[in-house]
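Engineer: Predicted model and sequence follow; I will ask about them next.
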Amino acid sequence: MTSTAAAAGSTKKMKVSIPDATFIREMFSSCENPITAINQFQLENGLQMASLEPVLPLLDLHCISRVQFHHSVIKLLLDRLSVNLDNLGREQLEKLLKHAFSQISHKELSPVVLEIMKRLNPVPAHYLKKVAGLPEVYQQCSIEVKRQVWENHQGLFGDEVRPILNKYIWEKDIELHKSGENSSPVAPFFALAPRKRRESPVIQQLKDMIGLSFPLYQMMLMFVKTLYQRNKTAHFCTLRSDMLMCFHDCKIQDIYKQDPCHDFAFYIQYAVNEKRIQDKILPKLREFYTKTLTESTEHLADTAIILADPYVLQVLCKEVFSCLHAMVESETLPRSDEKLHFLLKLINLGINAWQIVDSDSTDEPKLSKITLKENVPLLMCCLVEDVMASEMGTRYKDAAALNLVSCTAKDRLTRRLLLYYIATLAQQKSLDRLKQLLPLIPDSISELDEVFVHVLVSHLLQYTSVEWGNTEFARAVFNEFLTKYCSDEVVIRHVLRLLWTVHGHLPAEHASAVVEGIKPADNHSEQVRELYVQLLERVAEQS
């Protein structure tokens, strides 16, 4: 190296014989002639090429500074070095990294170090530890290096993942408040096919962050489970399945083959895609379920989370009602149907997922005997009455409906089935049955699931003045049902969404009374208040 650089080696700030700021200060403080010192420094540390000397004055004439020139040369050398690095073996790369790592914080030279680390897999642990402690350097690292840092520094991974998970929940919230197409029979939340759902940028970004690292995948699942436990947000259950099946879609076996719940999730998501549970996959589901309860109880929480996915519960409830309708036609009892029993067990595990995660339980939540012996038969009685009302024009009786609704206060499974039944009635425009059932709900069910409210409102949005002109029905929906829950931020947002479209179909006095009755309270968010003001203005304009 040059004599100037060698002299600089005596200072502690010097690294790999490159003069730094400390050297420059010492040089000027000790020199007799600054001009001579500068010329000497340029001579010893500039590019030593005979062909270059005649060009430098020309660069000066074009006002190209030495800094600009040197930066362009560095970029050219970095590009060439990157090509040469591809031809080096691991041993050579490690030696090169050992000599170059001291320049990791040097702005111009750090890209060289980062390129070397990018090509090393794995990067020696002590280098990763140092990178984790240098925020500016860490941010510049390639995703290949960051993955290795994350595997040993969970906090850094959490910092990267948290905003992405928040965005995922935000997007789900947006989906729940879409009005959808007027002609669509399906609620917007359930309209998108599972594979399309997994192609979302957020899911793809999480997949790219994990890469082929199963430890990062496990860490991701742990974050999802923790957030679900903390927030009780069912969308995290959807994310757990979406992440697993995204790796399956991309054929990344390093990840999905190691997930013990893969086969179960695969068949469940197949059912979601088909919108029904075919008989051919039932043995597969039953086999995994039995194995989980007897041999792999440590996987019970993950199994429950997969079943707590709203898309999965929707399909399971649909299949239960298919079984019930078949039993009504064949005049058989629910206690003798093994498929129905198994479906009810799956739903029961799903709706108890949060309790299982929160208590770290490995015990299956037992299916209540009352559910099978009393509540499900009551539900069948309602289905029989529906058939008779449709085919024979008979009137609905109050006994079965009243008993069914009253038992939901203590039976969460029956409550889930009842709410699905009500959403189905809304889709079928069974006004008389809805008039009977809706006013009974608030006395037994203290809060409503947001996905249910979304589905119900999505179906009610399809109604015209023909349906809303039925005053008793309109009062049952608004006065005796929805407004009872408007203290809940989630419900009032959906009610505002409904009134925005249908208030014109209601009698003017009734519409005004309903709008006045849902006036936001002090505990409601600013967003709800703004939506309410906009609704008032819309009603005033059209009145």
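Structural biologist: Happy to help now that I have it.
Engineer: Check the protein for its longest helix and report it.
Structural biologist: When every helix of the chain is counted residue by residue (DSSP state H), the longest turns out to be helix 154-176.
Engineer: Run through the neighbouring helices and strands of whatever helix or strand comes next after that helix.
Structural biologist: If you walk from helix 154-176 toward the C-terminus, the next helix or strand you reach (DSSP states H and E) is helix 194-198. Helix 194-198 makes packing contacts with helix 235-249, helix 262-274 when contacts are defined by 3 or more CB pairs under 8 Å, 6 or more residues apart in numbering; DSSP states H and E. Every residue, glycine included, has its C-beta placed from N, CA and C.
Engineer: picking up where we left off before, let me see the residues that make contact with the longest helix of the chain.
Structural biologist: Defining contact as CB atoms under 8 Å, 6 or more residues apart in numbering, one finds that helix 154-176 is touched by 132, 138, 146, 149-150, 188-189, 200, 202-203, 205-206, 209, 216, 219-220, 223-224, 227, 233, 235-236, 238-239, 450-451, 454.
Engineer: isn't Gln269 right next to Ser241, touching?
Structural biologist: Yes: Gln269 is in contact with Ser241 according to CB atoms under 8 Å; the separation is 6.2 Å.
Engineer: More neighbours: which of these two?
Structural biologist: Remark: of Gln269 and Ser241, Ser241 carries more neighbours, 26 against 23, as counted by other CB atoms under 10 Å.
Engineer: Would you agree the more buried one is in contact with Ile306?
Structural biologist: Yes: contact between Ser241 and Ile306 holds when scored by CB under 8 Å: they sit 5.4 Å apart.
Engineer: who touches both of those two?
Structural biologist: Each of Ala265, Ile268, Val312 lies in contact with both Ser241 and Ile306 under the rule CB under 8 Å, 6+ apart.
Engineer: Just the buried ones out of those residues, please.
Structural biologist: Among these, those that count as buried by neighbour count (16 or more other CB atoms under 10 Å) are Ala265, Ile268, Val312.
Engineer: Just send these back as TSV, with distance to Arg80 too.
Structural biologist: What follows is those, written out as TSV (distance: CB to CB, whole Å):
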residue	distance to Arg80
Ala265	48
Ile268	53
Val312	54
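Engineer: Could you dump these into a markdown table and include distance to Cys63 and pLDDT?
Structural biologist: Converted to a markdown table, those look like this (distance: CB to CB, whole Å; pLDDT from 0 to 100):
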| residue | distance to Cys63 | pLDDT |
| --- | --- | --- |
| Ala265 | 64 | 96 |
| Ile268 | 68 | 96 |
| Val312 | 67 | 97 |
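Engineer: nearest to Leu120, of those residues?
Structural biologist: Of all these, Ala265 has the smallest distance to Leu120: 34.5 Å, by CB to CB.
Engineer: Next one: that closest one from Ser241, what distance?
Structural biologist: Taking CB to CB, to the nearest Å as the measure, Ala265 and Ser241 are separated by 5 Å.
Engineer: Figure out the helix or strand that the spatially closest residue to Phe478 that is not a sequence neighbour lives in.
Structural biologist: Sequence neighbours aside, Val514 is the residue nearest to Phe478 in space, at 4.7 Å (criterion: CB to CB, 6 or more residues apart in numbering). Secondary structure from DSSP H and E places Val514 in helix 508-517.
Engineer: And that helix, what's buried?
Structural biologist: Of all the residues in helix 508-517, those buried under the rule 16+ other CB under 10 Å are His510, Ala511, Ser512, Val514, Val515.
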